[in-house]
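Asks: pasting a predicted model and its sequence here:
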Amino acid sequence: MGNIGSEGWLQAVLAAAEALPVVPGCNVTARIDISGGPEGPCRLGAVVTDGRLVGLSPGRPADPDCTMSCSAADAHGILSGQLDPAVAYMQGRLKIDGAYERVLFGLRAVASGEAFGRFAGEVMALTRGDCL
């Protein structure tokens, strides 16, 4: 599979994301910075169109709507459903510069469903602790 950010990992995450529901109008391009992982910091670019993850790349995307940053432990908590992103944001554990409302409110419809739970579980299994 490869490490987080490798071509194989990116393709596997995008394939898992195909099961996410369509949510019209839920769109964001984000730069994601995760610190404190065993392999060092992770930097990814993500594109969500109508609630579906349609683009994922290593590094920093050109012209993102927002930048999200958190620790690997908090990213794991958010993906596992143990940490509400809005709570993490209010506590300063999830920093969002830019269009925070698209992440906290726009993606809530996607992140609250069973399909997202399955997707998040697949991502964590693919990642095997490399970053999350």
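Replies: Alright, I've got the coordinates. Being a predicted model, the structure only gives us computed values, none of them experimental.
Asks: where does this protein have low pLDDT?
Replies: 1-4, 128-132 (pLDDT under 70).
Asks: try 80
Replies: For the chain, the stretches with pLDDT under 80 are 1-6, 37-40, 109, 127-132.
Asks: show me where it has helices.
Replies: 7-17, 72-80, 85-90, 100-101, 108-111, 114-127 (DSSP state H).
Asks: next, the buried residues of the fifth one.
Replies: It refers to helix 108-111. 110-111 (16 or more other C-beta atoms under 10 Å). For every residue, glycine as well, the C-beta is placed using N, CA and C.
Asks: tell me how many other residues crowd the closest residue to Arg93 other than its chain neighbours.
Replies: Spatial nearest neighbour of Arg93, excluding adjacent residues (C-beta to C-beta, 6 or more residues apart in numbering): Asp74 at 4.9 Å. By the criterion of other C-beta atoms under 10 Å, Asp74 has 21 neighbours.
Asks: what sits against Asp74?
Replies: 83, 88, 93-94 (C-beta atoms under 8 Å, 6 or more residues apart in numbering).
Asks: what do you get for Gly55?
Replies: Contacts of Gly55 by C-beta under 8 Å, 6+ apart are 14, 29, 45-47, 61.
Asks: ok, what's across the strand from the closest residue to Glu18 other than its chain neighbours?
Replies: If the residues on either side of it in the chain are set aside, Glu18 comes closest to Arg52, at 7.7 Å by C-beta to C-beta, 6+ apart. In this structure, Arg52 bridges to Thr49 when assessed by DSSP bridges.
Asks: so Ala12 touches Ala125, yeah?
Replies: No. With contact defined as C-beta atoms under 8 Å, Ala12 does not reach Ala125; the gap is 9.6 Å.
Asks: of those two, who's got more company?
Replies: Shown here are Ala12 and Ala125; by other C-beta under 10 Å, Ala12 has more neighbours (18 against 11).
Asks: isn't Leu126 up against Val13?
Replies: Yes. Leu126 lies in contact with Val13 (C-beta under 8 Å); the separation is 6.4 Å.
Asks: you'd agree Lys95 is up against Ser69?
Replies: Yes. Between Lys95 and Ser69 there is a contact at 4.8 Å, judged by C-beta under 8 Å.
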